[in-house]
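Peer 1: dropping the sequence and predicted coords here.
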Amino acid sequence: MDNQKGKGINFEPFVWKIENFSKQNTKNLRSKAFKIGAYKWRILLHPLRKNVDHFSLYLMVADSLPAYGWSRNAHFKLVLVNQIDDSKSVVKETHQKFNGGYLSWGSLFVNLSDFNDSKQGYLVKNTCIIEAHINVEASLQRESSNNKVHVIETSDESSPTTSFGSSETDSSDLTLRELLDLESLGNEELNFVPLLEEACVWHPSLIRSQSKRTARFKSWAFTSLGQVLHILKTCKVKDMNEETNKNLKGLWEELVMASGFDLAWLEPYVESALGMKNHVEKTLQVNKLKERMVALDTKMKKLRGELVDAEVEFEEAKRALDELSKGHIDIDLNADLFQPNPSQMSCGFHSFISLAELNDPNKGFIMNDTCIVGVEFVEMEHQESNGDIYEKFKWKIENFSGLTNQAYHEHFVLAGYPWRINLYPMGIHVVKSLSIYLEAIQTANMSKGWSRDVKFKLIVFDQLNTNRKITKEFDHEFNSKVNDEGSKSFMTLTELHDPNNGYVVKDACIIGVEVFVRKSTHEKQVNQTVNLTTSLGSHQTGHMEVETHSPSRDADDAKLVFALLGRVLYFLNNRKVKDMNEQACKELQDLWDELVKFKYDLTWLEPRVQSALGMKSYVERAMEVEKLKENVVVLKLETQRLEAKLVAAEVNLEVERDLLKEKGFKEMDLDSELGCGSWKP
């Protein structure tokens, strides 16, 4: 063992390494005896009994010595080594006098929970290291006596006990454990023992002052002192509230008045702890002020950032508005689409009929030099009423009597979609009835999930009386699962073949269909002109006649044209500029496309229609301009609001800073301990 020097004192070290600590008998654990300065010593661990929550070490005399008449002065250090961070090793240094009454001296080192926590570094891999550094100043002294000398043997196996040769032992030689009956103490009081032992080590007068007191008084005095020391050792600054303050003050006043202890060494600690209550209250106030200042500072930074963003957004919105407003003319969105002027209060057809056809006597338009001209009006009460435009198809079947089972023909196109009529002259699923069905033809233009929402009519024409026909109306959604619809009992065969009815004339029957498609999904339209160019045939010997639009328009065509024209005019005269959204434009475009197919002179109307169709883009732009204007106003208001809030926050921050200056005091960490590290004088 090498000598160590510290503060001019030569220490000789001893290292005690305890392996397999958890398997040791910690109720009676001591080192082997070792020799320093010609004397024997050993290190003793305070028994780790139940309810002991501290790790304490003692240096003990290990020589065989008389019970009295000798003394030994030693300056020593006990060290609990931190194996992770040497700077955190716990060192207890003292100068003590050993004699028959004081065979051991020790102190509390750490809480037991910290010791057992390997992360703290005191017990690593179930091993702890303890060091003793000793300097002996005086030689062993022996006094002769006529009395019998009692020698104390302190072998490795013995427990840490202290014996006396006489009951008249000097009170300075007593220890706390000899003065107090520890067995009579409760669990809470036992926790104070290490603190009291440490205090008694540094202030032996505590034991001397109680040596002649009754056991009950000594128990009260040391228990009360232990409570005070416990508060000072374990409480943190923040714990010194009203209740703790009152408890400490009461204990202290009783100790000062009645205990008989000389507590001048402890008074500064107690007074400091009692003064912490006001300090804690002030600290909490200051901390709240600081928190408010931090919050205000954070709020100001956030407001400044929001203000910068708002100003940038405001400028961008202004630039966008200026750019969009270039060349834009404000029009009242609530204005009517079309107000005809006096020069456009009439309409008609420049080429209604050729003069050759009009004057042809076989045509019957002029009889007895008289021509009759008429007009029919269709009242458009509402845009949607009577607005369904049906497209028509006729099928003339000759040699009708030769049909036995099913008759059909190649497909035709109506409303942009292909169809086929299926005829059952002897009926299907019924007898003695004519069955007629309309079938939706599937094409490559369809995709999965296709459907057609359709209103249609099936007709059998009376060829003797053109004002009479049998019509049945249907409303059906065609799809891949149900692609046909009709009537299995359209009319009885008796009624059909009655020569007076005119449904079958010269062995020919005329079947018609009128179709209006409301909606189609997952399907594209096909070319409508296929009806004009495709040679259509039928099963058996029948043939079809397709109604097409030609310059020699018949009465039905004229009705359809005027119905379409009426709907277009109604649309133009009853819609406002703001109504021209995508759906409205599509509706007008569809009407116009149907109307121009009839090849009438519509040059007088076309500019109005095109102007209305062009309103969609204008409306969109106008709405975008209005939206930008609103956005600019909102952003301007938001910028002003943020500026006001920023000014208010800056004022509040200055107020808080001034208030904090007025509260000026020395800061202290509320989580720190009260500062009573040692009772050393």
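Peer 2: That came through fine.
Peer 1: could you pull up the mean pLDDT of stretch 510-519?
Peer 2: Stretch 510-519 shows a mean pLDDT of 93 in the predicted model.
Peer 1: give the buried residues for it.
Peer 2: 510, 511, 512, 513, 514, 515, 516, 517 (16 or more other C-beta atoms under 10 Å). The way it works is simple: take the backbone N, C-alpha and C, and place the C-beta from them, glycine included.
Peer 1: and those residues, which of them are in strands?
Peer 2: The strands, defined by DSSP state E, take in 510, 511, 512, 513, 514, 515, 516, 517 from the buried residues of stretch 510-519.
Peer 1: out of these, flag the one nearest to residue 286.
Peer 2: For those, the minimum distance to residue 286 (C-beta to C-beta) is 81.0 Å, reached by residue 517.
Peer 1: the domain parsing of this structure - what is it?
Peer 2: Split into domains by automatic domain parsing, the chain comes to 1-165, 388-547.
Peer 1: for residue 123, list the residues it contacts.
Peer 2: By C-beta atoms under 8 Å, 6 or more residues apart in numbering, the contact set of residue 123 is 21, 115, 116, 117.
Peer 1: against residue 18, how distant is it?
Peer 2: Counting by C-beta to C-beta, to the nearest Å, the gap from residue 123 to residue 18 is 9 Å.
Peer 1: ok, then the element right after the helix or strand bottoming out on mean pLDDT in the chain?
Peer 2: Taking mean pLDDT, DSSP states H and E as the measure, strand 151-152 is the helix or strand of the chain with the lowest mean score, a mean of 33. From strand 151-152 onward toward the C-terminus, using DSSP states H and E, the following helix or strand is helix 176-179.
Peer 1: which elements pack onto that next one?
Peer 2: If contacts are counted by 3 or more C-beta pairs under 8 Å, 6 or more residues apart in numbering; DSSP states H and E, helix 176-179 sits against helix 193-202.
Peer 1: residue 436 falls within a strand, correct?
Peer 2: Yes. The assignment for residue 436 is a strand, going by DSSP: H, G, I helix; E, B strand; the rest coil.
Peer 1: which residues does it bridge with?
Peer 2: residue 423, residue 487 (DSSP bridges).
Peer 1: residues in contact with it?
Peer 2: Applying C-beta under 8 Å, 6+ apart, we find residue 436 in contact with 421, 422, 423, 424, 458, 460, 486, 487, 490, 511.
Peer 1: pick the one among those closest to residue 79.
Peer 2: residue 486 (108.6 Å).
Peer 1: gap between that closest one and residue 472?
Peer 2: 8 Å.
Peer 1: which stretch in the domains of the chain is the model least sure about?
Peer 2: Ranked by mean pLDDT, the domains of the chain bottom out at domain 1-165, with a mean of 78.
Peer 1: go through the chain and flag its longest helix.
Peer 2: helix 606-662 (DSSP state H).
Peer 1: tell me the mean pLDDT for it?
Peer 2: Averaged over helix 606-662, pLDDT sits at 77.
Peer 1: secondary structure element holding the residue nearest to the spatial centre of the chain?
Peer 2: Centroid-nearest residue in the chain: residue 302, 21.7 Å away (criterion: C-alpha atoms, centre = their mean). Here residue 302 sits within helix 276-325, counting by DSSP H and E.
Peer 1: that helix packs against which elements?
Peer 2: Using 3+ C-beta pairs under 8 Å, 6+ apart, helix 276-325 is in contact with helix 242-254, helix 606-662.
Peer 1: name the residues of the first one that are buried.
Peer 2: Buried residues in helix 242-254, defined by neighbour count with 16+ other C-beta under 10 Å: 244, 245, 248, 251, 252.
Peer 1: redo those as a markdown table? Include pLDDT and distance to residue 202.
Peer 2: Putting the buried residues of helix 242-254 into a markdown table (pLDDT from 0 to 100; distance: C-beta to C-beta, whole Å) gives the following:
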| residue | pLDDT | distance to residue 202 |
| --- | --- | --- |
| 244 | 89 | 25 |
| 245 | 88 | 26 |
| 248 | 89 | 21 |
| 251 | 91 | 20 |
| 252 | 94 | 19 |
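Peer 1: would you point out the most distant pair within these?
Peer 2: 244 and 252 (12.3 Å).
Peer 1: circling back to that earlier point, tilt between the helix holding residue 302 and helix 242-254?
Peer 2: 160 degrees (axes from the mean of the first three to the mean of the last three C-alpha atoms, to 10 degrees).
Peer 1: now the angle from helix 276-325 to helix 606-662?
Peer 2: Going by the same axes, to 10 degrees, helix 276-325 makes 160 degrees with helix 606-662.
Peer 1: run the chain-centre distance for helix 276-325.
Peer 2: 24 Å (C-alpha atoms, centre = their mean, to the nearest Å).
Peer 1: cool, and stretch 560-573?
Peer 2: Its chain's C-alpha centre lies 56 Å from the corresponding centre of stretch 560-573 when counted by C-alpha atoms, centre = their mean.
Peer 1: ok, now stretch 566-585?
Peer 2: Here stretch 566-585 is found 46 Å from its chain centre; the criterion is C-alpha atoms, centre = their mean.
Peer 1: that concludes my questions; thank you for your assistance.
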